[in-house]
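dropping a prediction and its sequence here:
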Amino acid sequence: MTVQVQTKKATATGNGSGTTFSFSPIVIFASTDLEVVTTVIATGVETARSEGTGDSAWSLGISTFPATGSITYPQDEVTPLPSTETITIRRVLTLEQQTDLQNQGGYFPEVQETQFDKLVMIDLQQQEEIDRSFQFPASYTGNVGIEVPAPITGDGGRVLVLNSALTGMEWGTVTTAALALPVTIANGGTGASTAATARTALDFTKGADIASATALTLGTDGNYFDVTGTTTITSIATWNIGDVVRLHFDDAVILTHHATNLILPGGANITTAAGDEFTFVEYGSGLWRCVGYALADGLPPVGVHTQGLQTIWVPAAAIVPRTTTGAARGVLESSSNKVTTPTLDFDASTIEYAQFQIAFPKNWDMGTVTAEVHWTAQSGSGTVIWGLQGMSLSNGGVMDSAYGTAIESTDTVLSAKQVHMIAIAAVTLAFTPDVGDESLFQVFRNAASGSDTLAVDANLLGINIFYTTNAKDDG
């Protein structure tokens, strides 16, 4: 026989059903050459198993030696090894040499070869144990001894450490003498001495004030900062992906919404007031999302008003036909479900008009407005030209004044008795708007145009007026 493989042990994981475990190609000379250990994977607890009978013993599946093969565990095969445990089978030979070669005695090569094989197997056995021992790397050239000193009374609970001379190991203790308590945030602690203050510290830690900037740079000494100054903020520099920061604004600052860099509630810009607080999370490198805010004026977060595009819906019932060449009031009722809708009916051959008024909020930016006309027709096909114009009257303004330039838009009939929506581009109101003005609008159908080809009344359902605000409220 020869020893041509260096396999030192066999390991397998249970599956709750199998009871046969191979240790091939490891060769043994007797069943006593085997050591069997089961290990709980979760805890690492090992249990040595003996050859024998019953639910905790193993039996050998071979009877002729030397040979390799398998064992049965457990021997009674009643409760197979579960998937939460492993089994390890090692060859462990007795460290002895019992071959006695006599002078001028009989020469039996098989006897000598067997002994040589056992010696090589013992080498492999000891190498397996060496492989599991504490070692220095091959490149180490120092002289530190790794001998473990004998424990004495009082060494319980102590740890093995390198001595100060770097020449060997000794028993030492872990102390906190070099670490000031409470542990500061800079040293990985909370800076708190009680559980209550630690929980607070883990929430938000106040850092030094930071100045507002187009690209806001956060500090590294906390996650709660006062922001000073009034510079518009369009982005926040990368900080730590996944972390949360709270900003307390000392002044009015415009936060500019961006689809990825600075995502704000409602997708609109926000103008802060002194005392407002906003909470942001960095969801990607330099990409921030506002996840919470509390206003100094006491409004709940859902009540915050953001600047940007706003909408006012004006239904047909709120629009008044002109006395002269005015559209006719009407009511449409659907045939099946009896859906009833007030309308203003505009003639197919004569230009007809209707008017309405809006008092825009004080945070209107006084700029142009756009619109969306909602309308339908009861029959026919072709196109309809809708127009809109307006003016703004302050206190003392003359009511008999001319409207501003009319803006027209052409829409095509999709199908009778369907809702149609057509956008009206920017409308400039006559006279310079001012806070608190009354804004008057006039809507019409330009039936006199050759491009208006629908041969029946166009039924106006209402108009959306779009305007822009530049402050969070009317304050």
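Okay, I see it.

please make it C-alpha for all contacts and neighbour counts, starting now.
Noted.

centre of the chain to stretch 385-402, how far?
52 Å (Cα atoms, centre = their mean, to the nearest Å).

who touches that stretch?
Here stretch 385-402 makes contact (Cα atoms under 8 Å, 6 or more residues apart in numbering) with 373, 403-411, 424, 427-434, 436-447, 449, 451-452.

and the residue nearest the centre of the chain?
residue 283 (6.3 Å; Cα atoms, centre = their mean).

helices of the stretch 51-200 of the chain, residue ranges please.
Assigned by DSSP state H, counting those that start in this stretch, the helices in the stretch 51-200 of the chain fall at 109-131, 195-203.

which one of those helices has the poorest average confidence?
Lowest mean pLDDT within the helices of the stretch 51-200 of the chain: helix 195-203, at a mean of 68.

following it, which helix or strand shows up next?
strand 210-211 (DSSP states H and E).

circling back to that earlier point, just the buried subset of the contacts of stretch 385-402, please.
373, 403-404, 406-411, 424, 427-431, 433-434, 436-447, 452 (16 or more other Cα atoms under 10 Å).

which of those fall in strands?
373, 407-411, 424, 427, 438-445 (DSSP state E).

and those residues, which two are furthest apart?
Using Cα to Cα, these span at most 29.4 Å, a distance reached by 411 and 438.

how close does residue 463 get to residue 375?
Plainly put, residue 463 is 9 Å away from residue 375 if you go by Cα to Cα, to the nearest Å.

which one of the two has more residues nearby?
Between residue 463 and residue 375, counted using other Cα atoms under 10 Å, the more crowded position is residue 375 (25 against 22).

sorry, back to before: and among the helices of the stretch 51-200 of the chain, the most buried is which?
helix 109-131 (a mean of 15; mean count of other Cα atoms under 10 Å).

quick one: average pLDDT of stretch 4-13?
Averaging pLDDT along stretch 4-13 gives 87.

one more: stretch 28-37?
Mean predicted confidence for stretch 28-37 is 92.

buried stuff in that stretch?
Applying 16+ other Cα under 10 Å to stretch 28-37 flags 28-29, 31, 34-36 as buried.

and if you look at stretch 208-228?
For stretch 208-228, using 16+ other Cα under 10 Å, the buried residues are 209-213, 216, 218, 222-228.

and for stretch 84-91?
Those would be 85-91, for stretch 84-91 by 16+ other Cα under 10 Å.

beta partners for residue 262?
With DSSP bridges applied, residue 262 shows beta-bridge pairing to residue 288.

that one reaches residue 285, doesn't it?
No - Residue 262 is beyond contact range of residue 285, at 11.6 Å (criterion: Cα atoms under 8 Å).

quickly note the distance from residue 297 to residue 276.
For residue 297, the distance to residue 276 - Cα to Cα - is 8 Å.

meant to ask about residue 184
29 Å.

and residue 31, backbone torsions?
phi -60, psi -30 (degrees, to the nearest 10).

pLDDT at the residue nearest to it when sequence neighbours are not counted, what is it?
Spatial nearest neighbour of residue 31, chain neighbours left out: residue 60 (6.8 Å); criterion: Cα to Cα, 6 or more residues apart in numbering. With respect to pLDDT, residue 60 scores 95.

which residues does residue 60 bridge with?
residue 71.

what number of residues lie near it?
Neighbours of residue 60 (other Cα under 10 Å): 19.

for it, give me its contacts.
By Cα under 8 Å, 6+ apart, the contact list for residue 60 reads 31, 51, 70-72.

JSON lines for these, including distance to residue 150?
JSON lines is the format used below for those (distance: Cα to Cα, whole Å):
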{"residue": "31", "distance to residue 150": "36"}
{"residue": "51", "distance to residue 150": "35"}
{"residue": "70", "distance to residue 150": "41"}
{"residue": "71", "distance to residue 150": "39"}
{"residue": "72", "distance to residue 150": "41"}
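
so where is the protein shaky, pLDDT-wise?
Scanning the chain for pLDDT under 70 picks out 1-2, 104-107, 175-179, 185-188, 199-203, 299-307, 472, 475.

so what's the closest residue to residue 358 other than its chain neighbours bridging to?
In space, not counting the residues next to it along the chain, residue 358 is nearest to residue 439; the distance is 5.2 Å by Cα to Cα, 6+ apart. For residue 439, the beta-bridge partners under DSSP bridges are residue 358, residue 392.
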